[in-house]
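J.: Give me coordinates for this.
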Amino acid sequence: MDNIVAEPVVVMPVERKNDTYALRICLSQGEFTPGMMKTVMETMTKFGLTSLRVTTGQRLNLEGIPKDKLDEVVASIGSSVKKAPPTVGVCTGVGICKFGVQDSRGMGKKLLEVIKQNAPYPFKIKSGVSGCKIGCGFSNVRDIGLIGTPKGWDVLFGGGAVRNVRGGVTIGSKLGDDEALALVEKALAFYKENGRKRERTSGFVNRIGEEALLEALK
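T.: Sure, this is the predicted structure:
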């Protein structure tokens, strides 16, 4: 790795139970560059850290950092933020996966912009984009889910892999990119206006009912 230039990494400290911290490495669509990898490996070697864990949100957690070493580790690895920027879970999509029929990565970037532009919301928004109906982007159990079909995108709203798991409600089918994103924006506006503080979209849909949701989004 001698020819690789180390890149600074943005992290979010997460307090653990045993008086240690984790640093959540903020990745975009799970992409971990060689430069970022070099920075993390050098930091792990310097401080004797041994646990780097992949998260369900396509990020990485550097675990086991003693509280009194936290500032030093952050300085070594890059910089810290209080809250990790939003991201969208994606599969590899049509460009790589033999089953993919839609560009999940490209659509994921567009979806993220829509989510960011219309923030803030009553509570966090987790989203997933899958390039086919196998659903590797966990689109069925996300607040916003897009699933690729040969004829466009199926759009789901109100899913959640929470304590009471709920599948998303299909609010649109076989839509082009622009149509799908416009529908997502409409659904988020409805949630933003009518959701309660700290109420996830799954709880919101449970409270108002699927019929009310579909009627509002006609």
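J.: for the helix ranked longest in the chain, what is the average pLDDT?
T.: Determined from DSSP state H, the single longest helix within the chain is helix 177-194. Taken as a whole, helix 177-194 has a mean pLDDT of 98.
J.: Would you mark the buried spots in that helix?
T.: Neighbour counts over helix 177-194 (16 or more other Cβ atoms under 10 Å) mark Asp177, Ala180, Leu181, Leu183, Val184, Lys186, Ala187, Leu188, Phe190, Tyr191 as buried. Where C-beta positions appear, they are placed from N, C-alpha and C, glycine not excepted.
J.: From Leu112, how far off is the residue nearest to Leu146 when sequence neighbours are not counted?
T.: Residue nearest to Leu146 in three dimensions, not counting chain neighbours: Val129, with 4.6 Å by Cβ to Cβ, 6 or more residues apart in numbering. According to Cβ to Cβ, to the nearest Å, Val129 stands 10 Å off from Leu112.
J.: Those two - which one has more neighbours?
T.: The residue with more neighbours, out of Val129 and Leu112, is Val129; 33 against 19, by other Cβ atoms under 10 Å.
J.: who does that one bridge with?
T.: Val90, Leu146 (DSSP bridges).
J.: what separates it from Asn206, distance-wise?
T.: Distance of Val129 to Asn206, given as Cβ to Cβ: 24 Å.
J.: before we move on, what about Leu156?
T.: Distance, Leu156 to Asn206, using Cβ to Cβ: 15 Å.
J.: isn't Val94 right up against Asp103?
T.: Yes: between Val94 and Asp103 a contact is recorded at 5.4 Å, counting by Cβ atoms under 8 Å.
J.: Pull up the overlap in contacts between those two.
T.: Here Val94 and Asp103 share the contacting residues Gly131, Gly148, scored by Cβ atoms under 8 Å, 6 or more residues apart in numbering.
J.: Leu156 and Asn206: which is more packed in?
T.: Between Leu156 and Asn206, counted using other Cβ under 10 Å, the more crowded position is Leu156 (26 against 15).
J.: Give me the neighbour count for the residue lying closest to the more buried one once chain neighbours are set aside.
T.: Spatial nearest neighbour of Leu156, chain neighbours left out: Gly168 (3.1 Å); criterion: Cβ to Cβ, 6+ apart. By other Cβ under 10 Å, 25 other residues sit near Gly168.
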